[in-house]
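S.K.: sequence plus predicted model, see below.
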There are 2 protein chains.
Amino acid sequence: MSDFAADPSHPRYQSLLLRHRLEQAEKDGLLAGSAMIAHGRGEAYDYLLGERTIPSAHMATVQALAALRKAQRPVISLNGNAVALAGESLLMLAERLSCPVEINIFYRTPERMTALIGRLEAIKEKHQLEVQILGAEPNARIPGLEGPRANCTKEGIIDSDVIMVPLEDGDRCEALVAMGKTVIVIDLNPLSRSAKMGSITIVDELTRVVQNMLANIENSAVDEAFNNDEVLADALQHIATKFTSP
Amino acid sequence: MSDFAADPSHPRYQSLLLRHRLEQAEKDGLLAGSAMIAHGRGEAYDYLLGERTIPSAHMATVQALAALRKAQRPVISLNGNAVALAGESLLMLAERLSCPVEINIFYRTPERMTALIGRLEAIKEKHQLEVQILGAEPNARIPGLEGPRANCTKEGIIDSDVIMVPLEDGDRCEALVAMGKTVIVIDLNPLSRSAKMGSITIVDELTRVVQNMLANIENSAVDEAFNNDEVLADALQHIATKFTSP
């Protein structure tokens, strides 16, 4: 990614940087065909949020972090876009949480799995991280899903009690919730099925979420009064203002 | 595009078809690097509109059609995404309006121009259409814009009195308005600079707009009471409802 030459003072710097990471990842074979379109949808919602972490999303982020820290068997599920956009910081977070990551992609091909594992191993090497990377050899299936998208590992996703799923599709999110897990959803669209299904829903952009988690890792505590419906309602209200008071 | 095999009764058929057209166009070299992300942003707004033509958008469509029919020198500006998504119906519309089209792309390269002209010529041939295709040899510049994006033709964009710009960027839209033209904007985001700058703004998905124009071509009349601010306000209100009453 060393050829990214935009000026950090450019008002669109962060947005251009994320696009650049995706373009690079596409060249490297990490992404599904629909990855760019999905990112564009995310850009639209992030624009509506003001491209910043709204207070209710910050609250959900701290709650999610506390849940991951308190978990018996936490796991972070990673897909192509998540690795492309925030692979480095996600692995740093996993190390701080002593938590494995599991590559779990919707459009599973051997080539994409190999490319994703290669990218994560390179990040581990570069930053000397100790993180277990699961998913290369699935030995279990998520109940209620059909086809290769159900493939996962027993020691990772199946046996986890708390799972964080950045940018996850609604079907899989629903299947994980049905397994009784605490599911942490990161999704810019508060109207999406994933957002509505999540146990804790963070309506925020992935790279900001992970940075916020890394910054708050020492001082997060589970808030017993946390109400995910209120978090979602606040995000909807925040976006509605964009249209009612443009 | 003959390899698109989705079932037309699939609830996401139209959306999948548009994606397929873009993927094909990308392979054919018609698109800029940011085309897929731009389409994703459009998908997000179309979802918020309910993936249908709202009444105020239909009103703006009829007004735009009437303005094009009444114009002395109408022109339809085409970029990569517009050609990919609606090239056939746009050329049919241009023929019905006896109006030229001009290829006018933001990221202009000789390869993309050749690919776009080739695609349009193939459509003309296939449907035996009589439409002048401008833009291959620019001989003028849009005042107020820098770089290759300003290139255009005198007989097309420069001398036009009414210009339709589907999916146009804000800078160019503003420059065309500054030239005193009636600018018809087609944009799914009612908050975009293009949408706000337009003389007539159609907040709707391009393929639906062109179909609506073709269906109403015989019975459109300029409505002197038409108010573009009301059209935009209605679209904002329509989307806000999605967030306030989800």
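M.R.: Cool, the structure landed. Quick caveat: nothing in here was measured; it's all calculated off a predicted structure. Numbering: from 1, shown residues only, chains lettered A, B, ... in the order given.
S.K.: use CA for all of it now, contacts and neighbours both
M.R.: Fine.
S.K.: residue A:194 touches residue A:169, doesn't it?
M.R.: Yes. Contact criterion CA atoms under 8 Å: residue A:194 and residue A:169 qualify, at 6.3 Å.
S.K.: those two: which has the busier surroundings?
M.R.: Taking neighbours as other CA atoms under 10 Å in any protein chain shown, residue A:194 and residue A:169 compare with residue A:194 leading, 26 against 17.
S.K.: format the CA atom coordinates belonging to stretch A:25-35 as CSV.
M.R.: Output in CSV follows, covering the C-alpha atoms of stretch A:25-35 (Å, rounded to 0.1, in the frame of the first residue of the first chain):
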residue,chain,number,x,y,z
ALA,A,25,-7.1,-5.9,-2.1
GLU,A,26,-9.1,-6.5,-5.3
LYS,A,27,-5.9,-6.7,-7.2
ASP,A,28,-4.6,-9.2,-4.6
GLY,A,29,-7.7,-11.4,-5.0
LEU,A,30,-9.1,-10.8,-1.5
LEU,A,31,-12.5,-9.6,-2.5
ALA,A,32,-15.8,-10.9,-3.9
GLY,A,33,-17.2,-9.4,-7.0
SER,A,34,-19.7,-7.4,-5.0
ALA,A,35,-17.2,-5.9,-2.6
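S.K.: identify the residues contacting that stretch?
M.R.: With contacts defined as CA atoms under 8 Å, 6 or more residues apart in numbering or on different chains, stretch A:25-35 is touched by A:80-81, A:84, A:107, A:111-113, A:115-116.
S.K.: in that stretch, what counts as buried?
M.R.: Residues A:25-26, A:29-32, A:35 are the ones in stretch A:25-35 that count as buried (16 or more other CA atoms under 10 Å in any protein chain shown).
S.K.: re earlier: chain B: which of the contacts of stretch A:25-35 is nearest?
M.R.: Proximity of the contacts of stretch A:25-35 to chain B (CA to the nearest CA) peaks at residue A:81, which lies at 13.0 Å.
S.K.: so what's that closest one up against?
M.R.: Contact partners of residue A:81, counting by CA under 8 Å, 6+ apart, are A:22, A:30-31, A:35, A:39, A:167.
S.K.: name the nearest of the residues you listed relative to chain B.
M.R.: Nearest to chain B among the contacts of residue A:81 is residue A:39, at 6.2 Å by CA to the nearest CA.
S.K.: my read is that that closest one contacts residue B:42, right?
M.R.: No. Residue A:39 is beyond contact range of residue B:42, at 11.4 Å (criterion: CA under 8 Å).
S.K.: now residue A:8. Nearest residue, chain neighbours left out?
M.R.: Excluding its sequence neighbours, the residue lying closest to residue A:8 (CA to CA, 6 or more residues apart in numbering or on different chains) is residue A:14, at 7.8 Å.
S.K.: ok, and residue A:77, which helix or strand is that part of?
M.R.: strand A:74-78 (DSSP states H and E).
S.K.: model confidence over that strand, on average?
M.R.: For strand A:74-78, the mean per-residue pLDDT is 97.
S.K.: pull the contacting residues for residue A:62.
M.R.: Counting by CA under 8 Å, 6+ apart, residue A:62 makes contact with A:213, A:216, A:220-221.
S.K.: among those residues, show me the least confident.
M.R.: residue A:220 (85).
S.K.: let me see the contact set for residue A:36.
M.R.: Contacts of residue A:36 by CA under 8 Å, 6+ apart are A:22, B:36-37, B:40.
S.K.: for the helix or strand harbouring it, which positions count as buried?
M.R.: If you go by DSSP H and E, residue A:36 is part of helix A:35-49. Buried positions in helix A:35-49, judged by neighbour count with 16+ other CA under 10 Å: A:35-46, A:48-49.
S.K.: what about it, distance to the chain center?
M.R.: How far helix A:35-49 lies from its chain's middle: 14 Å, per CA atoms, centre = their mean, to the nearest Å.
S.K.: between strand A:74-78 and the following helix or strand past it, find me the angle.
M.R.: Next in sequence after helix A:35-49, counting helices and strands by DSSP H and E, comes helix A:55-70. On the basis of axes from the mean of the first three to the mean of the last three CA atoms, to 10 degrees, helix A:55-70 is oriented at 120 degrees to strand A:74-78.
S.K.: give me the mean pLDDT for helix A:55-70.
M.R.: Here the average pLDDT along helix A:55-70 is 97.
S.K.: export that helix to PDB, keeping only CA atoms.
M.R.: Taking C-alpha atoms only, helix A:55-70 is exported to PDB below (Å, rounded to 0.1, in the frame of the first residue of the first chain):
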ATOM      1  CA  PRO A  55     -22.200   9.100  20.700                       C
ATOM      2  CA  SER A  56     -24.600   6.100  20.700                       C
ATOM      3  CA  ALA A  57     -22.200   4.200  18.400                       C
ATOM      4  CA  HIS A  58     -19.300   5.000  20.800                       C
ATOM      5  CA  MET A  59     -21.500   3.600  23.700                       C
ATOM      6  CA  ALA A  60     -22.100   0.500  21.700                       C
ATOM      7  CA  THR A  61     -18.400   0.200  20.900                       C
ATOM      8  CA  VAL A  62     -17.500   0.300  24.600                       C
ATOM      9  CA  GLN A  63     -20.200  -2.200  25.400                       C
ATOM     10  CA  ALA A  64     -19.000  -4.600  22.700                       C
ATOM     11  CA  LEU A  65     -15.400  -4.300  23.900                       C
ATOM     12  CA  ALA A  66     -16.500  -5.100  27.400                       C
ATOM     13  CA  ALA A  67     -18.500  -8.100  26.200                       C
ATOM     14  CA  LEU A  68     -15.400  -9.400  24.200                       C
ATOM     15  CA  ARG A  69     -13.200  -9.000  27.200                       C
ATOM     16  CA  LYS A  70     -15.600 -10.700  29.500                       C
END
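S.K.: which regions of chain A lie under the pLDDT threshold?
M.R.: Scanning chain A with the threshold set as pLDDT under 70 gives A:1-4.
S.K.: residue ranges for the strands of it, please.
M.R.: A:74-78, A:101-103, A:133-134, A:140-141, A:151-152, A:162-166, A:182-186, A:200-202 (DSSP state E).
S.K.: just those strands: most buried one?
M.R.: strand A:200-202 (a mean of 30; mean count of other CA atoms under 10 Å in any protein chain shown).
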